[in-house]
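**Q** A structural model of the following input is requested.
(one chain, ligands or ions: 1)
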Amino acid sequence: MFGMPSLRIGKILGIPVEVNASWLAIFVLVAASLSFDYFPGQFGWSAGLSLLVGVFTALLFFLSVVAHEMSHSVVARAGGIRINRVTLFLFGGVAEMAEEPHGPGKEFLMAVAGPGMSLVLAAAFFLTYTAARAVGASAVLWGPTQYLAMINLAVAVFNLLPGFPLDGGRVLRAILWKATGDLLKATLWASRVGQLIGYGMVATSVFGVLSYGASFIWFGLVGWFLAVLADTSYRQQLAKARMGAVRVGDIMTPSPVVVPGDLSLEELAHGYFLGGLHSRYPVVSDGRVVGLISLAGAKAVPRELWSQRTAEDAAEKNLQLLIVGADESADSVLERLVADEPGALLVVSEGRVSGIVTRSDVLARLRSDGQFG
Ligand SMILES: [Zn+2]
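**A** So this is what the prediction gives:
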């Protein structure tokens with residue numbers, strides 16, 4: 001992810017948490033600005049104390065971001081969506097979903113869960129800060145909590161900006177989705193707002209750099225990243241919608257060459273695999289499909305037994321695994337084809353093979369639509 005390696009640091013509530021190498025940059029930046037600028041400037045602490053408290057505070061900030069992402073993840077999981085992992089990277093954290101939310105209500109809840117957690121953390125740190133000040137505790141105790149209250153509030157506010165794919169943009173998309181009943185249109189509008197916010201941030205940062213100095217560059221980078229991400233997210237949604245509209249029947253090879261079940265592997269190798277174009281054939285016995293024979297399946301049988309064993313012997317015969325409906329979406333079928341075996345699926349009507357669909361059929365269709373590099 002992000003072209004840099006990620007390190008898995010553990011699992012929380014069964015969800016893997018990974019730190020991308022690019023995240024180290026932001027950690028160092030936060031720790032350094034706290035240690036060399038914020039704490040010494042605010043409290044006049046020594047370099048050693050500032051560094052110690054700075055690194056500790058940066059770690060608590062890191063845990064706050066993890067808590068934000070875990071909150072999304074837990075709500076998503078409660079809504080029946082698997083979370084592959086939580087990753088921290090250059091611009092914060094992401095909870096990677098195995099699929100999109102099933103409806104606007106679920107999307108809304110998932111989206112607000114993260115900023116909700118950040119607000120709760122901001123309130124908790126603020127209460128700790130207030131209590132520590134009330135009892136006259138040292139600034140070493142309340143300084144970090146004051147900062148963490150502010151930064152968690154900032155995280156919540158930024159993420160609630162209504163541009164997709166920010167959390168606030170997902171909230172906006174959920175509302176538009178509910179109102180129009182059209183996920184694609186809702187994504188288009190919410191991501192346009194995302195682009196607008198992103199380019200607005202870039203423009204603000206140019207003005208900021210000219211007027212106040214280089215520290216505004218970061219703001220512009222985040223804005224640019226948001227604008228690009230908004231556009232990409234919409235295109236992905238569009239690709240999914242297109243692929244979802246394509247049926248297996250549209251891309252399958254109709255009436256494929258079939259192999260009789262009693263054919264020996266010897267004859268199969270010479271007559272079909274060597275001379276033919278395909279590496280997989282449906283196997284038919286008494287006019288009905290019984291399985292799928294692949295080159296790999298034949299090779300699994302020792303060479304000297306090829307004259308005695310038949311195509312049916314060596315075929316994959318789990319029809320539940322092999323058969324797919326002509327009206328199923330190509331999108332859902334691709335997932336079944338990503339695995340090495342069986343490598344092809346059969347469309348069967350009344351016991352007869354009416355078509356075969358391979359991974360390359362689906363990928364060719366995806367390429368012709370301009371997705372997937
Ligand atoms: Zn979030």
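**Q** got the residues of this structure near the ion?
**A** G114, N159, D167 (Cβ under 5 Å from the ion). C-beta coordinates here come from the backbone N, C-alpha and C atoms, glycine included.
**Q** Neighbour count, pLDDT and secondary structure for those - can I get that in CSV?
**A** CSV is the format used below for the residues of the chain next to the ion (neighbours: other Cβ atoms under 10 Å; pLDDT from 0 to 100; DSSP: H, G, I helix; E, B strand; the rest coil):
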residue, neighbour count, pLDDT, secondary structure
G114, 27, 93, helix
N159, 20, 92, helix
D167, 26, 92, helix
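**Q** nearest to the ion, of those?
**A** G114 (3.0 Å; Cβ to the ion).
**Q** thought the closest one was touching N159?
**A** Yes. Between G114 and N159 there is a contact at 6.2 Å, judged by Cβ atoms under 8 Å.
**Q** got any residues that touch both of the two?
**A** Common contact partners of G114 and N159 (Cβ atoms under 8 Å, 6 or more residues apart in numbering): H68, D167.
**Q** May I see the buried residues of the helix or strand hosting V53?
**A** Assigned by DSSP states H and E, V53 falls within helix 47-78. Residues of helix 47-78 classed as buried: 50-51, 53-55, 57-58, 60-62, 64-77 (neighbour count, 16 or more other Cβ atoms under 10 Å).
**Q** now swap in stretch 297-316 and tell me
**A** Using 16+ other Cβ under 10 Å as the test for burial, stretch 297-316 gives G297, A298, W306, R309, T310, A311, E312, D313, A314, A315, E316.
**Q** tell me which residues in the helix or strand following the helix holding V53 are buried?
**A** For helix 47-78, the following helix or strand on the C-terminal side (DSSP H and E) is strand 83-89. By neighbour count on 16+ other Cβ under 10 Å, the buried set for strand 83-89 is I83, R85, V86, T87, L88, F89.
**Q** tell me the least confident of the residues you listed?
**A** Across the buried residues of strand 83-89, the bottom pLDDT score, 80, is held by F89.
**Q** since we're on the closest residue in space to that residue that isn't next to it in sequence, how many residues are nearby?
**A** Nearest residue to F89 in three dimensions, chain neighbours excluded: N20, at 4.0 Å (Cβ to Cβ, 6 or more residues apart in numbering). Neighbour count for N20, taken as other Cβ atoms under 10 Å: 21.
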